[in-house]
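In: Pasted the sequence and its predicted model underneath.
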Amino acid sequence: MSRSSKSDEDLVIAKAVPIEEIPVIDFTPFREGGMVGRLKVATAIADACREIGFFYLSGHGVPEEKLKKVFEQSAEFFHQPLATRAEVAATPERYRGWIPMPHSEPMSRSSRLFEQYRIQAEFGGDGPLQGDDRLFYAPNRWPAQLPEFQAACSEYYDAMLALSRDLLRAFALGLGLPEERFDGYFDKPLCQLSLLYYIPLPDDVEVEVSNTVSHTDEGPLTILAQDNIGGLEVKRRDGSWISAPPIPGAYTINVGDMMMWWSNGRYLSNYHRVRNKSKRERFSIPFFLNPDKQAEVRPLPEFVAIDGKANYEGAVVGDHLKRFYTTLEKDPRELDR
Ligand SMILES: O=C(O)CCC(=O)C(=O)O
Ligand SMILES: [Fe+2]
């Protein structure tokens, strides 16, 4: 499968369609309810994951204050002078911190029109890191000028990891699996929090130019917080694009490749892209859930037995993610996989 979609359908402008196509699911009965409530929520999630691979999650229990703080810190960071941002620039050896927007003139369908700040888990440990471990377990960079940045990001990261663990249980139930089926893959998970900063697309931009290319996400699931600007678009089964506008208080959740692999294709890792046509800056904060470095993510034997074959090869998580952790010139979203 290819990360970037090359079909002509990418050239079509997204239609504004009723929001019901991407359902809003209240997570409260899953978090607080008994088995009946949990199953009901899990079924609604499973329907969305099978059909379009995206849904909105309300009632998630993440305090609004935590989200507000991390958005405030993100805006402060991206409004710092270039030299300040450059002090915490990511490098291929230590792929955390600021990743600038490459100069791309003229703009084309592969232009990357956003900046980002990457944060990953820190596991501590003794002694210097060796080999791949440097890539996955190196410490974060924190901007010295922003004293509240680290705490805001770290607390938010923890809240996202906790929510992801609940979501994984709902995803498992929805697949007819025991709730804890995925738990063993997430001991030292290689999750990533990205603060994203999108410039507005110029007025006269060609229709094929997006801020991010059409892509799927590589991990099992992504929890996205959008500001109120909009611009995210999702591909429908018929190839047309629909907008996935922000809903206040709700997260935009999507299935990624690894969940599609585990489910042997029952859950769809769907193509999406961002086109910021608002004439204003846009901020978003995706949390990418990833399993442990040494975990093998392959179609689950339960499903291979039913389906008669594995529809995906799968991968060892560390080997797979390595490719997305070192490319500074090219947007990792564009990589073939
Ligand atoms: O910013 C958004 O709305 C989506 C970002 C995204 O798809 C990604 O970072 O993989
Ligand atoms: Fe994405």
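Out: Perfect, I can see it now. Residues are numbered from 1 along each chain as shown. Ligands and ions are numbered 1, 2, ... in the order given.

In: Over to the residue nearest the centre of the chain. Which of the three states is it?
Out: Residue closest to the average C-alpha location in the chain (Cα atoms, centre = their mean): Thr222, at 3.6 Å. Under DSSP: H, G, I helix; E, B strand; the rest coil, Thr222 falls in the strand class.

In: For it, give the beta-bridge partners.
Out: Here Thr222 sits in beta bridges with Asn254, Phe288, as judged by DSSP bridges.

In: Ligand 1 contacts on the stretch 201-337 of the chain?
Out: Thr212, Asp217, Leu224, Gln226, Leu232, His272, Val274, Ser284, Pro286, Arg333 (Cβ under 6 Å from any ligand atom). The way it works is simple: take the backbone N, C-alpha and C, and place the C-beta from them, glycine included.

In: Make sure the fifth one is actually in contact with Gln226.
Out: Yes: checked against Cβ atoms under 8 Å, the pair Leu232 and Gln226 is within contact range at 6.4 Å.

In: Give me the common contacts of the two.
Out: Contact with both Leu232 and Gln226 is made by residues Pro245, Pro246, Thr252, Ser284, according to Cβ atoms under 8 Å, 6 or more residues apart in numbering.

In: Pull the most distant pair out of those.
Out: Longest distance between any two of the shared contacts of Leu232 and Gln226 is 12.1 Å, between Pro245 and Ser284; criterion Cβ to Cβ.

In: quick one, which of the two is more surrounded?
Out: Comparing Pro245 with Ser284 by other Cβ atoms under 10 Å, the one with more neighbours is Ser284, at 24 against 17.

In: In contact with that one, which residues?
Out: By Cβ under 8 Å, 6+ apart, Ser284 lies in contact with Leu196, Tyr198, Leu224, Ala225, Gln226, Asp227, Leu232, Val274.

In: Now the second one: closest residue in space, sequence neighbours ignored.
Out: Yep, that's Tyr198 we're talking about. Residue nearest to Tyr198 in three dimensions, not counting chain neighbours: Arg282, with 4.0 Å by Cβ to Cβ, 6 or more residues apart in numbering.

In: in the stretch 51-200 of the chain, what residue is nearest ligand 1?
Out: Leu196 (5.0 Å; Cβ to the nearest ligand atom).

In: thinking again about what came up before, mind listing what the residue nearest to the centre of the chain touches?
Out: Neighbours of Thr222 in contact, by Cβ under 8 Å, 6+ apart: Ile253, Asn254, Gly256, Pro286, Phe287, Phe288, Leu289.

In: Average pLDDT for stretch 196-203, rounded please.
Out: For stretch 196-203, the per-residue pLDDT values average out at 88.

In: ok, back up a step: okay, and which of the contacts of Ser284 map to helices?
Out: Among these, no member is found in helices (DSSP state H).

In: in the worst-scoring helix or strand of the chain on mean pLDDT, what's buried?
Out: The weakest-scoring helix or strand in the chain, judged by mean pLDDT, DSSP states H and E, is helix 132-137 (a mean of 84). By 16 or more other Cβ atoms under 10 Å, the buried positions in helix 132-137 come out as Leu135, Phe136, Tyr137.

In: Now do the SS call for the residue in the chain that ligand 1 sits nearest to.
Out: Ligand 1 sits closest to Ser284 of the chain, with a gap of 3.4 Å, by Cβ to the nearest ligand atom. Following three-state DSSP, we place Ser284 in the strand state.

In: repeat for Ala159
Out: helix.

In: Just give the number of residues close to Tyr251.
Out: 26.

In: cool, and Glu64?
Out: 9.

In: what does Ile25 give?
Out: Neighbours of Ile25 using other Cβ under 10 Å come to 25.

In: Would you confirm that it contacts Ala42?
Out: No: in this structure, Ile25 is not within contact of Ala42 by Cβ under 8 Å, at 9.8 Å.

In: follow-up on the earlier one: what is in contact with Pro245 and Ser284 at once?
Out: Joint contacts of Pro245 and Ser284 (Cβ under 8 Å, 6+ apart) are Gln226, Leu232.

In: which residues does the residue of the chain closest to ligand 1 bridge with?
Out: Where Ser284 sits in a bridge, its partners, by DSSP bridges, are Leu196, Gln226.

In: Quickly note the distance from it to Ala225.
Out: In this view, Ser284 and Ala225 are 7 Å apart by Cβ to Cβ, to the nearest Å.

In: What segments of the stretch 101-250 of the chain are strands?
Out: 114-120, 192-198, 212-215, 221-226, 232-235, 241-243 (DSSP state E, counting those that start in this stretch).
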